[in-house]
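K.L.:
Sequence and predicted structure are below.
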Amino acid sequence: MNDPAPRADTPRFPVGFREFVGIIASLMAINALGIDSMLPALPAMGHALGIPDENQRQWIVAAYVFGFGATQLIYGPLADRYGRKPILVVALSLFALMSVVCAFAWDFQSIIIARILQGVAAAASRVLAVSIVRDRYDGRQMARVMSLSFIVFLGVPILAPSIGQIIMLVAPWRGIFLFLALFAALVVAWAMIRLPETLHPDDRRPIVMREIAGATRMVLGNRYSLGYTLASTLIFGSLMGFINSVQQIFADIFHAPQLFTIVFACVAGSMGVASYANSRIVERLGTRRVSHSALIGFITFSAIHTAIAFAGYESIWSFSLLQALTMACFGLAGSNFGSMAMEPVGHIAGTASSIQGFVSTLGGALIGIVIGQSFDGTTRAVTAGYLIVGLLALVAVLVTERGRLFRAHHPVPAAA
């Protein structure tokens, strides 16, 4: 399949399609590394920083996600006013600095504060990745570019826990944060040298509270934008619940911490395979047919997994297989939900991306904390959590589409 054509109103772009996907994937990878690379290090971090309670250690992950989600509202208006590139450079430089600060944390309070600030800096990566892609592509072409970026991005969760584990073989856990600082610095250098500004001069918007309030009303007042943002929020919450709990599941339930990185890689790999499949079929089948089918699959596998967990037949093999199948459905639904949420608000892509990211990330983090803190020595909380959020996401989609699934639709752009 040929590379997708950019939007007709975009100027000539000096970066090739594959390099463009690589830059976007690297931006997305920063967030994945910020979460997943330290999962194997949580016991060591808890011991070094005086955090004996295993559920309390989940806040090292949750604090980052809260900072990441809460500040996305800031970056959208800034990117729409000053352009994508300067905000990207400043934010990722701040991420590198905060990673160094995390490396020198000395107790629970200091690591939580440092992680929140690291998440605050990383928030720009999500907003800018979506905004830059939306500047160049729309509709099914945008969904394909996001899927290809998602494939590379998902290679990071596959490798991130192993990267963290390898670093800990030669250095203490603090070396993981120094690695994050180095990675961010490399991405900053790549963007500064190769990535041009993608925001068209005519699309720059002043930072005026009345304008921001108007853009917020467009995003939250449009049924498709709001509905698919809520659906994204719910299924992202299931992923955060898994991430918060998975290290404890393998250590405390299956007593196989040595298999954690392998199974985690397989689960993330299933998401990558699904995203690659999505990039090949979405332009032919459409975002709705693919994502709605995936959501039904997500619910089905979650229901089977929940039944097995509550019946007491859970094993490391049933958990790994059903988790991989569920996450494959997540991979098919995730990028399409995001693309559909952006369809009617592409003319305010930066602000829209920040608002949608704020809702989905912060809401997903809260859902993930509820699931993670419900850990009781079994997989029931995770499996039941997946089923509940899947059903709620289906309700959100049904309301958004007025009860019609799988049918192509072209929403009218939101009016001011």
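P.N.:
Done, it's in.

K.L.:
wait, what's in contact with Val145?
P.N.:
Pro4, Phe20, Val21, Ile24, Val133, Arg136, Tyr137 (C-beta atoms under 8 Å, 6 or more residues apart in numbering). In this view, the C-beta of every residue, glycine as well, is placed from N, C-alpha and C.

K.L.:
which parts of the helix or strand encompassing Arg288 are buried?
P.N.:
Assigned by DSSP states H and E, Arg288 falls within helix 287-311. For helix 287-311, a neighbour-count test (16 or more other C-beta atoms under 10 Å) marks 287-299, 301-306, 308-309 as buried.

K.L.:
still on that earlier bit, are any of the contacts of Val145 buried, and if so which?
P.N.:
Burial by neighbour count, judged by 16+ other C-beta under 10 Å, picks out Pro4, Phe20, Val21, Ile24, Val133, Arg136, Tyr137 from these.

K.L.:
mind checking the SS state of the third one?
P.N.:
Looking back up the chat, that one is Val21. When classified by DSSP: H, G, I helix; E, B strand; the rest coil, Val21 comes out as helix.

K.L.:
For it, give its distance to Asn31.
P.N.:
17 Å (C-beta to C-beta, to the nearest Å).

K.L.:
just the angle between whatever helix or strand Ser232 lives in and helix 287-311, please?
P.N.:
Assigned by DSSP H and E, Ser232 falls within helix 223-248. With axes from the mean of the first three to the mean of the last three C-alpha atoms, to 10 degrees defining the directions, helix 223-248 sits at 30 degrees from helix 287-311.

K.L.:
quick one: buried residues of the next helix or strand after helix 223-248?
P.N.:
Using DSSP H and E, the next helix or strand after helix 223-248 towards the C-terminus is helix 260-285. Under the neighbour-count criterion of 16+ other C-beta under 10 Å, helix 260-285 has 260-261, 263-272, 274-279, 281-283 buried.

K.L.:
can you give me phi and psi for Ala256?
P.N.:
According to degrees, to the nearest 10, the main-chain angles of Ala256 amount to phi -140, psi 60.

K.L.:
thought it was touching Val246?
P.N.:
No - between Ala256 and Val246 there is no contact under C-beta atoms under 8 Å: 12.0 Å.

K.L.:
So for those two, which residue has more residues nearby?
P.N.:
When Ala256 and Val246 are compared for neighbours, Val246 comes out ahead with 22 against 13, by other C-beta atoms under 10 Å.

K.L.:
so how far is Ile253 from the more buried one?
P.N.:
For Val246, the distance to Ile253 (C-beta to C-beta) stands at 10 Å.

K.L.:
quick one: low-confidence parts of the stretch 101-250 of the chain?
P.N.:
Counting by pLDDT under 70, the stretch 101-250 of the chain shows low-confidence ranges at 138-144, 146-155, 157.

K.L.:
let's go with 80 and repeat that
P.N.:
Applying pLDDT under 80 to the stretch 101-250 of the chain picks out residues 126, 130, 134, 136-158, 202-203, 205-208, 211-212, 215.

K.L.:
And the helices in it?
P.N.:
In the stretch 101-250 of the chain, the helices defined using DSSP state H, counting those that start in this stretch lie at 108-136, 139-170, 174-194, 209-221, 223-248.

K.L.:
do you know which of those lies nearest Gly346?
P.N.:
Ranking the helices of the stretch 101-250 of the chain by proximity to Gly346 (C-beta to C-beta) places helix 108-136 first, at 5.4 Å.

K.L.:
Give me the buried positions along that closest one.
P.N.:
The neighbour-count check on helix 108-136 (16+ other C-beta under 10 Å) flags 108, 111-136 as buried.

K.L.:
Who are the packing partners of that helix?
P.N.:
In terms of contacts (3 or more C-beta pairs under 8 Å, 6 or more residues apart in numbering; DSSP states H and E), helix 108-136 is packed against helix 17-36, helix 42-49, helix 54-70, helix 72-82, helix 84-103, helix 139-170, helix 316-342, helix 349-373.

K.L.:
dump the residue contacts of the residue lying closest to Gly269 once chain neighbours are set aside.
P.N.:
What sits nearest to Gly269 in space, not counting adjacent residues and going by C-beta to C-beta, 6 or more residues apart in numbering, is Ile158, at 5.4 Å. For Ile158, the contact set (C-beta under 8 Å, 6+ apart) comprises Phe264, Ala265, Ala268, Gly269, Gly272.

K.L.:
Just checking, which of those residues comes out lowest on pLDDT?
P.N.:
Lowest pLDDT of those: Gly272, 76.

K.L.:
Do I have it right that that residue meets Gly331?
P.N.:
Yes - counting by C-beta under 8 Å, Gly331 is a contact partner of Gly272 at 6.9 Å.

K.L.:
Which residues are in contact with Ser291?
P.N.:
Contact analysis of Ser291 by C-beta under 8 Å, 6+ apart lists Leu332, Ala333, Asn336, Phe337, Met340.

K.L.:
Repeat that for Val382.
P.N.:
Neighbour list for Val382: Gly241, Phe242, Ser245, Ile249, Ile371, Phe375 [criterion: C-beta under 8 Å, 6+ apart].

K.L.:
and it, how far is that from Phe183?
P.N.:
With C-beta to C-beta as the criterion, Val382 and Phe183 are 29 Å apart.
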